[in-house]
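J.: With the input below, show me the fold.
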Amino acid sequence: MTTSARRGVRVRAATPADLDLVVELRLALLREHGNSPVYARLRPDAPERARRLFAAQLTSPTERIFLAEDERGVVGIIRCVESIGSPLLDPQRYGYVSSAYVRPAARRRGALRALVEAARDWCAERGLDEMRLHSVAGDPGSNAAWDALGFTVVEHMRFARVNAPGTPRGASLPAPRRTPRPRG
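T.: Model prediction:
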């Protein structure tokens, strides 16, 4: 268990016995970002799917889920995965951070910082020298937190619907305009 000097936050690796907490916290994260075009489409059977998925993640040798606790109990979660990079780029492997969430009542008390420190330590133990994550673009609070924790924006993920509501099924996007080539 790692203890943060800030406000008595402790971080520990989650175990299969923590499955209910992991499901609760990770679904709370998705619901919090319910206005996002990506996360707004939570399936009705998400809790059942989550139990199966997260149970496998809790026992995976290439990932770790950490929980932050304070005097009130478990207040936050973060997941870190050893990911394979592009064969054309360095590094060959990196730590991918996902599912970072702190209960609203526990925010701004050091839990996220302690979780990120645990993820950094886990990456360092595995010989990984880089961490990456995706964050929701329209959330100034979480983006400010990631900035403060040393993460910088290096690319943007974009979203487009292929068949938007009202578009006939099978309709495609307009073909790109082509500039005629000179003959000769």
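J.: most centrally placed residue in the chain?
T.: Geometric centre of the chain, nearest residue: Ser98, 2.2 Å, by C-alpha atoms, centre = their mean.
J.: element containing that one, please.
T.: Using DSSP states H and E, Ser98 sits in strand 93-102.
J.: other SSEs contacting the next helix or strand after that strand?
T.: Sequence order places helix 111-125 as the next helix or strand after strand 93-102, per DSSP H and E. Here helix 111-125 touches strand 2-3, strand 10-13, strand 63-70, strand 73-84, strand 93-102, strand 131-133, going by 3 or more C-beta pairs under 8 Å, 6 or more residues apart in numbering; DSSP states H and E. (Glycine included, C-beta is placed from N, CA and C.)
J.: Quick one: closest of the ones you listed to Ser36.
T.: When the helices and strands packed on helix 111-125 are compared by C-beta to C-beta, strand 93-102 sits nearest Ser36, at 14.1 Å.
J.: could the helices and strands packed on helix 111-125 go into a markdown table alongside distance to Phe151 and mean pLDDT?
T.: Output for the helices and strands packed on helix 111-125, formatted as a markdown table (distance: least, C-beta to C-beta, whole Å; pLDDT from 0 to 100):
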| stretch | distance to Phe151 | mean pLDDT |
| --- | --- | --- |
| strand 2-3 | 20 | 52 |
| strand 10-13 | 18 | 98 |
| strand 63-70 | 17 | 97 |
| strand 73-84 | 13 | 98 |
| strand 93-102 | 9 | 97 |
| strand 131-133 | 6 | 96 |
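J.: Mind putting those strands into TSV with distance to Val153?
T.: What follows is the helices and strands packed on helix 111-125, written out as TSV (distance: least, C-beta to C-beta, whole Å):
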stretch	distance to Val153
strand 2-3	27
strand 10-13	26
strand 63-70	24
strand 73-84	19
strand 93-102	14
strand 131-133	11
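J.: Ok, which of those comes nearest Arg51?
T.: Per C-beta to C-beta, nearest to Arg51 of those: strand 63-70, 13.7 Å.
J.: Direction included, what does that closest one pair up with?
T.: Note on strand 63-70: by DSSP bridges, its sheet partners are strand 10-13 (antiparallel), strand 73-84 (antiparallel).
J.: List the buried residues of stretch 71-89.
T.: Neighbour counts using 16 or more other C-beta atoms under 10 Å place 74-83 of stretch 71-89 among the buried residues.
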